[in-house]
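K.L.:
Got a predicted structure here, sequence first:
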Amino acid sequence: MTSEYTSDEMMAVAAARQLRDRTVCFVGIGLPSMAANLARVTSAPGVVLIYESGTLGAKPDRLPLSIGDGILADSADAVVSVPEVFNYWLQPGRIDVGFLSAAQIDRFANINTTVIGADYRHPAVRLPGAGGAPEIASSCREVVVVVRQTPRTFVDRVDFTTSVGFGRGPGDRQRLGLIGAGPRTVITDLGILSPNPTTCELTLISVHPGSTPEQARAATGWPLAVSSSLTTTDPPSERELSELHRLEASMGMT
Amino acid sequence: MAEIVSLADGVAAVVHDGDVVAMEGFTHLIPFAAAHEVIRQERRDLTLVRMTPDLIYDQLIGMGCATKLVFSWGGNPGVGSLHRFRDAVEHAWPRPLELEEHSHAGMANRYVAGASGMPFAVLRGYAGTDLPAQTETIRPITCPFTGEVLAAVSALAPDATIIHAQRADRSGNVQMWGITGVQKEAVLAARRSLVTVEEIVDRLDPQPREVILPSFAVSCVAVVPRGSHPSYTQGYSLRDNAFYTEWEAISRDRDTFLHWMDANVLHGEPIS
């Protein structure tokens, strides 16, 4: 028997399940941090969390509000400078999984967090920008994206490529010299998408309980392919939900 | 050797109109009090440099201090948008804001190049992104040994860098610990520097994972207790998370913002 949960909670739980135990994970703040910390207290106790503030092996017992939260430094195996975290740890390919979010994501899993609108100098919406994402997307062995699925977010082509997924299709990552394999999974509030191994196009492989492929299609700005072996995501377990609620309640507490 | 000065004198000594100014602190040790003094001294036409221009630069931009921003991520961490930054970019209010935009890895390497006295740094980055097309200070470079095409980014060499640290000794040697971000590089890359500290002590007792900036590498030190508020100073003060959330409502509307700045910064007592 599973209790009530929101679609955001389903998304966080599904994202947490993507993280295998004893992997090294580069985490951004927000949904990725929520999912990675949930994984650490449920299915992946040995996961190593790296935040771009330079905290390696952070083990926060509450959810940090920012990447510079003192709990990350206090609980880390090592605290290094920001140049070091990018140059020594991320760039050479020492990180297994990068967790990212997006303001726009396209059919080849390219990510935009820079501007909405065609004109960079005169944007309709100015977004925060790149942060660590371009190099996380290029250098982690693989990438998991956590993002709510809406027609505004899931666009045929991003207005601005901040971080590269599969570029314009097969072979682009190799041509660009990107050392990581790129996005493996995109977790949304409706389901789970994964790149087609041949075309690199994002394909719906699972729907969360209560969601349908039609809903996912309606929330996607390109004709979304649906896998012939479409599954339904397991609902959150009691343990996953109670740990998630505990984390949510602890957000930013000191 | 660093001079120990008041906050007002320190800001007046290191920050001049038209300067390139970096204020660093990666969510920890953000030099808010010094930025407020820059606003009170009505510095203009600044090129502001910072990896994460959060609330501190929202305030400087909204008060019209900046003509250009060099950055890699501009948001209210954990909360949302920076409304004064967005208003400047989207509507040129209170004045147009030119952008020079990088990734964190690019900015960090630009500071390393500046601190090392090199004209540029090399990284494996930006490939396939739209950033190089918009940013003059990113160029491709071919490795002379392997032929690999990499990204070159020009060095950052600010006229002035301002940071906040836990403490200094009476000779002006600076000690900081916890998450120390890119502050060492930012100070060493700059021509002049101001470090605000929580306290001055007779002796800098060693701390785990400390970073020491020797006095001869720093221009001015000013004692400003709670100088990082609403950010935090490990061992001294906690992050005021509620204020980061409140900033969303304060900053959304121009008049509300100006009223808040007037009441809390322009006519607040300078802390020194």
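P.N.:
Everything's here; your move.

K.L.:
When you work out contacts or count neighbours from here on, use the C-alpha atoms and nothing else.
P.N.:
Fine.

K.L.:
And the helices in the chain?
P.N.:
Picking chain A for this. For chain A, applying DSSP state H gives helices covering A:7-17, A:31-41, A:70-74, A:82-84, A:133-139, A:172-176, A:213-218, A:238-250.

K.L.:
wait, chain B
P.N.:
B:7-14, B:32-40, B:55-62, B:83-91, B:104-116, B:131-134, B:183-189, B:241-252, B:254-261.

K.L.:
Touching, residue A:27 and residue A:49? I think so.
P.N.:
Yes: Residue A:27 is within contact range of residue A:49, at 6.6 Å (criterion: CA atoms under 8 Å).

K.L.:
so what sits against both of those two?
P.N.:
residue A:36 (CA atoms under 8 Å, 6 or more residues apart in numbering or on different chains).

K.L.:
Write out the residues of the stretch 51-200 of chain B neighbouring chain A.
P.N.:
B:51-52, B:72-75, B:77-78, B:81-82, B:86, B:89-90, B:101-105, B:108-109, B:112, B:123-131, B:134, B:178-182 (CA under 8 Å from any CA of the partner chain).

K.L.:
pLDDT score assigned to residue A:228?
P.N.:
pLDDT, residue A:228: 97.

K.L.:
okay, now it: neighbour count?
P.N.:
Residue A:228: 8 surrounding residues under other CA atoms under 10 Å in any protein chain shown.

K.L.:
can you check residue A:217 too?
P.N.:
Counted with other CA under 10 Å, residues neighbouring residue A:217 total 19.

K.L.:
about what we covered before: ok, which of the helices of chain A comes nearest residue B:117?
P.N.:
Nearest to residue B:117, of all the helices of chain A, is helix A:82-84, at 15.9 Å by CA to CA.

K.L.:
Could you pull up the mean pLDDT of the closest one?
P.N.:
97.

K.L.:
ditto for stretch A:18-32
P.N.:
Stretch A:18-32 shows a mean pLDDT of 90.

K.L.:
and it with chain B, contact?
P.N.:
Yes: applying CA under 8 Å from any CA, one finds stretch A:18-32 touching chain B at A:29, A:30.

K.L.:
What residues of that stretch count as buried?
P.N.:
A:18-21, A:23-32 (16 or more other CA atoms under 10 Å in any protein chain shown).

K.L.:
for stretch A:88-105, same thing?
P.N.:
Quick answer for stretch A:88-105 (16+ other CA under 10 Å): A:89-91, A:93, A:95-105.

K.L.:
where does chain A have low pLDDT?
P.N.:
In the predicted model of chain A, residues A:1-3, A:252-254 satisfy pLDDT under 70.

K.L.:
Any idea which residue is closest to the centre of it?
P.N.:
By CA atoms, centre = their mean, chain A has its centre lying nearest to residue A:145, at 2.8 Å.

K.L.:
Wait, it touches residue A:185, no?
P.N.:
Yes: using CA under 8 Å, residue A:145 is in contact with residue A:185, at 6.4 Å.

K.L.:
quick one: residue B:104 from residue B:133, how far?
P.N.:
Separation of residue B:104 from residue B:133 (CA to CA, to the nearest Å) stands at 17 Å.

K.L.:
These two: who's more crowded?
P.N.:
residue B:104 (26 against 9).

K.L.:
I'd like to know how far residue B:162 sits from residue A:83.
P.N.:
Here residue B:162 is placed at a distance of 18 Å from residue A:83 (CA to CA).

K.L.:
Sorry, wrong one. I was asking about residue B:41.
P.N.:
Here residue B:41 is placed at a distance of 32 Å from residue A:83 (CA to CA).

K.L.:
out of the two, which sits in the busier spot?
P.N.:
Taking neighbours as other CA under 10 Å, residue B:41 and residue A:83 compare with residue A:83 leading, 24 against 16.
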